[in-house]
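Peer 1: sequence and predicted structure below; questions after.
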Protein chains: 2
Amino acid sequence: MAGNPTIYDIARQAGVGIATVSRVLNGGARVSEDARAKVQAAVAALGYRPNRAARRLAAGGLNRPRIAALVPLFSADFYANVARALARGVAAAGMDLVLVDVADREDKLRHFTRLVEERACEGLVLCSMGLGEERQDLLRGRGVPFVALDYRLPGVPSCWVDNRAGAKMAAQCLLDRGARRLGWIDGPATVHAFHDRAAGFDAVAGADAPRVRAPAVTRDDGRAAATQLLDLHPELDGLVCANDLYAVGALEILRMRGRTVPDQVQVIGFDDQPLMDHIGLTTVRQPMAGLGSWAAAAITRLVVDPGADIPGKRFALELVARATTRDQTAG
Amino acid sequence: MAGNPTIYDIARQAGVGIATVSRVLNGGARVSEDARAKVQAAVAALGYRPNRAARRLAAGGLNRPRIAALVPLFSADFYANVARALARGVAAAGMDLVLVDVADREDKLRHFTRLVEERACEGLVLCSMGLGEERQDLLRGRGVPFVALDYRLPGVPSCWVDNRAGAKMAAQCLLDRGARRLGWIDGPATVHAFHDRAAGFDAVAGADAPRVRAPAVTRDDGRAAATQLLDLHPELDGLVCANDLYAVGALEILRMRGRTVPDQVQVIGFDDQPLMDHIGLTTVRQPMAGLGSWAAAAITRLVVDPGADIPGKRFALELVARATTRDQTAG
DNA sequence: ACATGCTATGGAAGCGCTTCCAATGGCCGG
DNA sequence: CCGGCCATTGGAAGCGCTTCCATAGCATGT
C-alpha cells in the first residue's frame, strides 16, 4: 500500500462495489443507509482522500488554468498591492490565482520545485526573484510559461523598475532641497531591489555616506535603524529610506527626538504605498498596480498562446514631493 | 469534435503516435526534429491545450489540497490583511490557497458555482458572506468542507466579531469623552458588517442621529461623506466612522476646514488597519490576523478530518484610544 | 555480410474516478 | 401465486495523459 488508498480499497474494506463508494462520496443519491454507513466507516478507517485529478478527469469538468505567483514576504504592502492587481488581472482572464508566500530562498526553491513537479499550474509569476538557467529550462521543458515581476530576467517577459535610478532620484531630491548630509536606511541584502537602491544612493551621496541596514522590512526595523543612524550621526539633515515603512518609522523617531521635519531633517521613502499621501511622506512612487496588471496580462496571454512574443516593460518611477521635504530651492 | 482536441487528434494531424506527441509536449527527450516540428505545427493548428487533470492523474503527481477563499473587495485593507493570515495558515498546513476576489453578489454566486461544479477546491473559506441552505447542501453533498469568516453562519464553523457591539463601543467612547452630537459615516448597505455597525451606532446615538452612507469603502468616499455630513450638520462634535479609511478621509476634511481634532471634533474609526497608530486614529481594532489564522486552521483541519467538530469562535473587538479622541473624562 | 547497440517510435496499460447499463432482489397489484 | 416495477447495486467503459515495453530502422564494429 505505497500510495493513498483508492476507492477500490474502500470498496473492498466496506464490502461494496466501487460504484456505491462513488455514490456515497458524491452526495449519495440512491444508496441504502447501510451501505452509506459502511462506506463512511471504511473511509474513516483508511483515511481515504479522493484524488482530485482523477475526479476531474472522470467528471469531465472544465479545465480552468491556474496561475501561481511566488511572492516573497506577502505581508509587505508592496506585495499586497501587487497581489491585488495580479488577482484582478488573472481573474479577468478567466483563470485562477494561486498565491504562494515564500519566506526565503530555500522556501522559494521548495515551492518552485513542487509547483513544477506537480504540474500545479499552467503559468508562473515570479516576483522579485531570479531563476537559474537550469530551472528556467525545467519550466520550458515542461511547457510552463513564466514571467518575472519586479525583476529583469533576460530572455523572459519581465516587468521591472529601475531601482537604482529611483534611489538616485530620491537622494538627489534631498540634495536639491538643501540637505547636505544624507543617511541611508537600507533593506535586507538578500533583496535585489534594496541592493540596487543602495547603489543608487551611493552614486549620489557617495559610498562612504552613513547607513544602517534594517534586518527586515517593517516599521519597527525602520525605527531601530533610524535610532542607530541618528545616534551615530546626529549631524544628518536628510534620510533616504529604502522603503516607506522605514521612513515612517524614522519620522516617528525624529518626532520623538524633537527634530523637525522637514526643517531640520528631510525624509524620503520608497514605494508610495497607500496612506503615504495622508502622512505627507515624500517618496518615490512604484507602479504596484501597473506591475501586477502587466504581469497578469502577460502570463495569461502566454498560457493561451505559448508562442506569443512579449517584450519586457520597464515602468517609470516617479518622485512624489510632499511634506517631509522642503520646497525645491529656487533657481 | 465537441470538446477540446486531445493528443489523439494531434497525433493524427501530425501523422505520428500519441507517445511521440507526449514526448514533444514534455520537454522532448529523444524525438527527431522532424517529428517535433510536425507535432508543434499540429498543436498550433488545432489550438490544443493539454488537460491538466489527465496529466496529473497519469503522472501520478502529489495530491495537494487546494483551499479557495472567496473574498469580497480584496482591495480593502481589511481583506488584504485577512488574506495574508489565511495564506500563511494554509501554506503552513501544506495546502494551496486560491484567492478569488468577488466583486459583488452575482460574481460571488458565479464563482461559487464554478468552484463547486469544477471541484476546483477541497475546502472553501467564505469571507463576510452568507450562503443559502441550498448551496450549503450542495457543498455538503459534494463533501467539500467550508468555513465562514467574518460572518456567523449557523451550523457552520465560523469566526466573527460582534460588529454591533464594536460600533456601540465606538459611539460610547466619544460620548464618554465629552462629545454630544455624533454623526455616523456608514458603509454600503450590501455589506452585513456595516449593517450591524449602524445598528450599534443607533443603539447609542439614536436612530435619528445624522448620518451619511458612503457608496464604497475608500478614503475618497470617506472624504465625500464627511463633507456632506459636516455641511448639513456643522454642530457635530463626534464622528463615528464605519471603517478607518472613512475616518482618515474625515480627518483630512476636518483639517482642511480648520476644525481641530480632538478638541472641536473627535473622530473614531473601525478596523485598526496598519499605520493607524502612526496617524493616531482612535479606532476599534479588528483581529484581522486572528480571523484569517483561525479560518485557515479550521478549514485545513476539516479537509484532513471531515468529521472534526469545530466550534465557532467570536473574536473580541478592542477599543484603541489614540490622538483623535480626548482623554477620558475623569470620574 | 552479420551481429550489436543505438535511437526514434508506436501501442497498450494503466492513473483513480464517475457514470452508464445491466442485473439483482423485494414488493406491488392483479 | 406470478409478472412487473422500482430501489439498489456491481461491473465495466472510458476521461486524456504518461510511460513502459517492444519494434523497427540504422550505423557501427569485426
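Peer 2: Now that the structure is in, tell me what you want to look at. Not measured: the values here are computed from a predicted model.
Peer 1: all contacts plus neighbour counts: C-alpha atoms, from now on.
Peer 2: Will do.
Peer 1: nearest spatial neighbour of the residue of the stretch 201-331 of chain A found nearest chain B, skipping sequence neighbours?
Peer 2: For the stretch 201-331 of chain A, the residue closest to chain B is A:Ile279, as judged by C-alpha to the nearest C-alpha, at 7.1 Å. Distances taken as C-alpha to C-alpha, 6 or more residues apart in numbering or on different chains place B:Ile279 nearest to A:Ile279, at 7.1 Å, with adjacent residues excluded.
Peer 1: my read: the one you found touches A:Asp277, true?
Peer 2: No - between B:Ile279 and A:Asp277 there is no contact under C-alpha atoms under 8 Å: 11.6 Å.
Peer 1: hang on, the earlier thing: from DNA strand C, how far out is the residue of the stretch 201-331 of chain A closest to chain B?
Peer 2: 54 Å (C-alpha to the nearest atom of the strand, to the nearest Å).
Peer 1: tally of neighbours for that residue?
Peer 2: Number of residues near A:Ile279 (other C-alpha atoms under 10 Å in any protein chain shown) recorded here: 16.
Peer 1: also A:Gln266?
Peer 2: A:Gln266 sits with 28 neighbouring residues when counted by other C-alpha under 10 Å.
Peer 1: residues contacting it?
Peer 2: The contact partners of A:Gln266, taken as C-alpha atoms under 8 Å, 6 or more residues apart in numbering or on different chains, are A:Leu174, A:Ala179, A:Asp237, A:Gly238, A:Leu239, A:Thr324, A:Thr325, A:Arg326.
Peer 1: by neighbours, which of those residues wins?
Peer 2: Ranked by neighbour count (other C-alpha under 10 Å), the contacts of A:Gln266 have A:Leu239 at the top, with 29 neighbours.
Peer 1: for that residue, what is the enclosing helix or strand?
Peer 2: Per DSSP states H and E: A:Leu239 is located in strand A:238-241.
Peer 1: in terms of secondary structure, what does that strand contact?
Peer 2: When contacts are defined as 3 or more C-alpha pairs under 8 Å, 6 or more residues apart in numbering or on different chains; DSSP states H and E, strand A:238-241 sits against helix A:163-176, strand A:182-186, helix A:244-256, strand A:266-271.
Peer 1: okay, that strand in CSV with CA atoms only?
Peer 2: What follows is strand A:238-241, C-alpha atoms only, in CSV (Å, rounded to 0.1, in the frame of the first residue of the first chain):
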residue,chain,number,x,y,z
GLY,A,238,18.5,64.1,5.1
LEU,A,239,17.3,60.5,5.5
VAL,A,240,16.8,58.4,2.4
CYS,A,241,14.9,55.2,3.2
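Peer 1: other residues contacting it?
Peer 2: Counting by C-alpha under 8 Å, 6+ apart, A:170-171, A:174, A:179-186, A:201, A:247, A:265-270 sit against strand A:238-241.
Peer 1: for it, the distance to its chain's centre please.
Peer 2: 25 Å (C-alpha atoms, centre = their mean, to the nearest Å).
Peer 1: what parts of the stretch 1-150 of chain A come near DNA strand D?
Peer 2: Within reach of DNA strand D by C-alpha under 7 Å from any atom of the strand, the stretch 1-150 of chain A has these residues: A:15-20, A:30-32, A:34-35, A:54, A:57-60.
Peer 1: thinking again about what came up before, B:Val303: which of the helices and strands packed on strand A:238-241 is closest?
Peer 2: For the helices and strands packed on strand A:238-241, the distance to B:Val303 is smallest for helix A:244-256, at 37.5 Å, taking C-alpha to C-alpha.
Peer 1: tilt between that closest one and strand A:182-186?
Peer 2: Helix A:244-256 runs at 130 degrees relative to strand A:182-186, counting by axes from the mean of the first three to the mean of the last three C-alpha atoms, to 10 degrees.
Peer 1: how is chain A carved up into domains?
Peer 2: What automatic domain parsing lists as the domains of chain A is A:7-59, A:66-161+A:288-315, A:163-285.
Peer 1: can you put those domains in TSV and add mean pLDDT?
Peer 2: Formatted as TSV, the domains of chain A follow (pLDDT from 0 to 100):
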stretch	mean pLDDT
domain A:7-59	86
domain A:66-161+A:288-315	88
domain A:163-285	97
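Peer 1: need these in JSON lines (columns: distance to B:Arg164).
Peer 2: Formatted as JSON lines, the domains of chain A follow (distance: least, C-alpha to C-alpha, whole Å):
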{"stretch": "domain A:7-59", "distance to B:Arg164": "38"}
{"stretch": "domain A:66-161+A:288-315", "distance to B:Arg164": "29"}
{"stretch": "domain A:163-285", "distance to B:Arg164": "27"}
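Peer 1: could you check how far A:Glu133 is from DNA strand C?
Peer 2: As judged by C-alpha to the nearest atom of the strand, A:Glu133 and DNA strand C stand 23 Å apart.
Peer 1: that residue and DNA strand D, how far apart?
Peer 2: Relative to DNA strand D, A:Glu133 is positioned 22 Å away (C-alpha to the nearest atom of the strand).
Peer 1: just give me the neighbour total for that residue.
Peer 2: Neighbour count of A:Glu133, defined by other C-alpha under 10 Å: 9.
Peer 1: stretch A:211-223 near chain B at all?
Peer 2: No - Stretch A:211-223 does not reach chain B (C-alpha under 8 Å from any C-alpha of the partner chain); its nearest approach is 9.2 Å.
Peer 1: and that stretch, what's buried?
Peer 2: Using 16 or more other C-alpha atoms under 10 Å in any protein chain shown as the test for burial, stretch A:211-223 gives A:Arg211, A:Val212, A:Arg213, A:Ala214, A:Val217, A:Thr218, A:Arg219, A:Asp220, A:Asp221, A:Gly222, A:Arg223.
Peer 1: for A:Pro72, which non-adjacent residue is spatially closest?
Peer 2: Distances taken as C-alpha to C-alpha, 6+ apart put A:Val102 closest to A:Pro72, at 4.7 Å, once the chain neighbours are dropped.
Peer 1: I'd say that neighbour and A:Leu70 touch.
Peer 2: Yes - taking contacts as C-alpha under 8 Å, A:Val102 lies within contact range of A:Leu70: 6.4 Å.
Peer 1: which residue lies nearest the spatial centre of chain A?
Peer 2: A:Val71 (3.1 Å; C-alpha atoms, centre = their mean).
Peer 1: spell out which residues of the stretch 101-250 of chain A are next to chain B.
Peer 2: A:Asp101, A:Glu117, A:Glu118, A:Arg119, A:Arg140, A:Gly141, A:Arg142, A:Gly143, A:Val248.
Peer 1: what's the burial count for the second one?
Peer 2: So the one you mean is A:Glu117. 17.
Peer 1: now it: how far from B:Ser22?
Peer 2: Using C-alpha to C-alpha, to the nearest Å, A:Glu117 is found at 16 Å from B:Ser22.
Peer 1: before we move on, what about the fifth one?
Peer 2: Distance of A:Arg140 to B:Ser22, given as C-alpha to C-alpha: 15 Å.
Peer 1: same question for the first one.
Peer 2: Using C-alpha to C-alpha, one gets 32 Å for the distance from A:Asp101 to B:Ser22.
Peer 1: of those two, which one has the most company?
Peer 2: Counted by other C-alpha under 10 Å, A:Asp101 and B:Ser22 do not tie: A:Asp101 has more neighbours, with 22 against 17.
Peer 1: the closest residue to A:Ala165 other than its chain neighbours and A:Ala216, how far apart?
Peer 2: In space, and not counting its chain neighbours, A:Ala165 is closest to A:Gly200: 6.0 Å by C-alpha to C-alpha, 6+ apart. When C-alpha to C-alpha is the yardstick, A:Gly200 and A:Ala216 sit 20 Å from each other.
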